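*Asks:* my questions are about this predicted structure, shown below with the sequence.
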Amino acid sequence: MRTLLVGLALLLATPSTPALAKGGSAAAKKSGKASDSEADPNAVVAKAHGGKLWIVAGTPPSSEGEDLSKWLASHPSATELTKKPNEERWPVTLIAVFKKPPAKGAVTIEIIDKKDTKTLVDQYSSPTTATSVVFQEQYDLDTNNGINKGHTYVVKVGQIIKGKFISYVSSEISLK
């Protein structure tokens with residue numbers, strides 16, 4: 001019994017661990033917000049550009065946060081792409097900015113011909129797990145996958161949840 005009382009006294013005398021040791025300040029925990037180190041640096045991008053998809057034929061940005069937001073504001077999404085006659089594909093980078101963080105899991109890209117919206121031309125699930133409101137993926141619009149010159153396509157980025165595709169962002173692209 002005496003050992004139990006000594007142990008209890010030591011437990012009560014030991015200061016509690018600070019809130020920062022468990023991820024965030026007490027004020028951040030009270031408000032329900034994560035600390036700056038835990039927050040998505042691209043939250044500012046989602047506020048400015050959430051719900052939009054950029055299809056970039058050139059070099060994509062390697063930045064995030066404010067720098068990415070400025071880059072997106074100054075670079076419109078491609079609406080038309082031209083390939084060389086001997087090439088079978090149009091290489092692009094898709095930059096999807098979600099309004100809110102996606103569910104954990106793979107992000108899926110769907111491509112639908114604008115003239116036949118009921119037929120799925122191509123679908124690709126990225127091996128990359130969604131962890132941010134900004135998703136970047138290199139993708140080839142390839143003639144071997146049913147993508148054809150002279151067509152306009154709707155490109156959708158989302159996730160398959162409970163067997164159903166949920167679209168988060170979309171854009172159109174015409175191929176020349």
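*Replies:* Looks like it came in fine. Numbers count the residues shown, from 1 in each chain.
*Asks:* do you know how far S77 is from I95?
*Replies:* S77 sits at a distance of 8 Å from I95 (criterion: Cβ to Cβ, to the nearest Å). (C-beta placed from N, C-alpha, C; glycine too.)
*Asks:* quick one, which of these two is more surrounded?
*Replies:* Legend: neighbour count by other Cβ atoms under 10 Å for S77 and I95, higher for I95 (25 against 16).
*Asks:* mutual contacts of S77 and I95, please.
*Replies:* The overlap between the contact sets of S77 and I95 (Cβ atoms under 8 Å, 6 or more residues apart in numbering) consists of 53-54, 56.
*Asks:* take the residues you listed and keep only those in helices.
*Replies:* Residues of the shared contacts of S77 and I95 located in helices (DSSP state H): none.
*Asks:* so of these, which ones are in strands?
*Replies:* Counting by DSSP state E, the part of the shared contacts of S77 and I95 found in strands is 53-54, 56.
*Asks:* in ChimeraX, select just the buried ones from those.
*Replies:* Applying 16 or more other Cβ atoms under 10 Å to the ones in strands among the shared contacts of S77 and I95, the buried members can be selected in ChimeraX as follows:
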select :53,54,56
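*Asks:* just the ones in strands among the shared contacts of S77 and I95 now: which is nearest T152?
*Replies:* Ranked by distance to T152 (Cβ to Cβ), the ones in strands among the shared contacts of S77 and I95 are led by L53 at 14.7 Å.
*Asks:* looks like the closest one contacts S77 (just checking).
*Replies:* Yes - at 6.6 Å, L53 counts as touching S77 under the criterion of Cβ atoms under 8 Å.
*Asks:* quick check: buried residues in stretch 45-54?
*Replies:* Those would be 45-46, 49-50, 52-54, for stretch 45-54 by 16+ other Cβ under 10 Å.
*Asks:* looking at the residues you listed, which one is closest to S170?
*Replies:* Distance ranking of those against S170, using Cβ to Cβ, places L53 first at 6.0 Å.
*Asks:* so that closest one versus N144, what's the distance?
*Replies:* L53 is 23 Å from N144, where distance means Cβ to Cβ.
*Asks:* what's the answer for D113, then?
*Replies:* Applying Cβ to Cβ, the value for D113 to N144 is 16 Å.
*Asks:* what about the two, which has more around it?
*Replies:* Ranked by neighbour count (other Cβ under 10 Å), D113 and N144 place D113 first, with 18 against 8.
*Asks:* show me the beta-bridge partners of that one.
*Replies:* Y153 (DSSP bridges).
*Asks:* which residues touch it?
*Replies:* Taking Cβ under 8 Å, 6+ apart as the criterion, D113 is in contact with 119, 121, 151-154.
*Asks:* what segments of this structure are helices?
*Replies:* 2-13, 26-31, 43-49, 66-74.
*Asks:* cool, thanks, signing off.
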